[in-house]
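1. Sequence below, structure please.
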Amino acid sequence: QLQLVESGGGLVQPGGSLRLSCAASKFTLAYYAIGWFRQAPGKEREGVSCISRSGGSTNYADSVTGRFTISRDNAKNTVYLQMNSLKPEDTALYYCAASSGYMCDPIVYWGQGTQVTVSS
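-> Sure thing, here's the model as predicted:
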């Protein structure tokens, strides 16, 4: 069964950092653009960031620009989301997703999510 598995979430104080990882099981991430999405309680899921197959193109939601950095290591079959200067409003369940398109549209595979909680 093809799977995306997120890790690295947790509880962090405001201003802190976390690095999320997205690893693939039984398929090669290098063939896909990969996106990070998040969903906070009572809110719709939103796109956070996306990276192209080669890693040469990235984009970010306005709310995270300058604080979050997406990267990929195709040799390790893993995509990362470095999150700095975290705010309470970043609290959400974070998902990674694989896209058969150039930049995260359409999504063909979803992970199960990892919880990020920013609180003092």
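
2. so the spatially most central residue of the chain is in which element?
-> Centrality entry for the chain: nearest residue to the mean C-alpha point is W36, 2.8 Å, by C-alpha atoms, centre = their mean. Element membership for W36, per DSSP states H and E: strand 33-39.

3. Can you list the buried residues in stretch 41-51?
-> By neighbour count with 16 or more other C-beta atoms under 10 Å, stretch 41-51 contains the buried residues G47, V48, S49, C50, I51. No exception for glycine: its C-beta is placed from N, CA and C like everyone else's.

4. ignore the last one, stretch 110-120
-> W110, G111, G113, T114, V116, V118.

5. so which of those comes closest to L18?
-> V116 (6.3 Å; C-beta to C-beta).

6. what's the spacing between the nearest residue to that closest one once chain neighbours are set aside and D62?
-> Leaving aside its chain neighbours, V116 sits nearest to G9 (4.7 Å; criterion: C-beta to C-beta, 6 or more residues apart in numbering). As defined by C-beta to C-beta, to the nearest Å, G9 lies at a distance of 22 Å from D62.

7. Give me the more crowded residue out of those two.
-> Ranked by neighbour count (other C-beta atoms under 10 Å), G9 and D62 place G9 first, with 19 against 6.

8. so what's the residue nearest to K26 when sequence neighbours are not counted up against?
-> Sequence neighbours aside, L2 is the residue nearest to K26 in space, at 5.2 Å (criterion: C-beta to C-beta, 6+ apart). By C-beta atoms under 8 Å, 6 or more residues apart in numbering, L2 lies in contact with A24, S25, K26, F27, Y109.

9. which sections of this structure are below the confidence cut-off?
-> 1 (pLDDT under 70).

10. ranges for the strands of it?
-> 3-7, 10-12, 18-25, 33-39, 46-51, 58-60, 68-73, 78-83, 92-99, 107-110, 114-118 (DSSP state E).

11. quick revisit: switch the buried residues of stretch 41-51 over to CSV; also include distance to N74.
-> Shown next, in CSV, are the buried residues of stretch 41-51 (distance: C-beta to C-beta, whole Å):
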residue, distance to N74
G47, 22
V48, 20
S49, 17
C50, 16
I51, 11
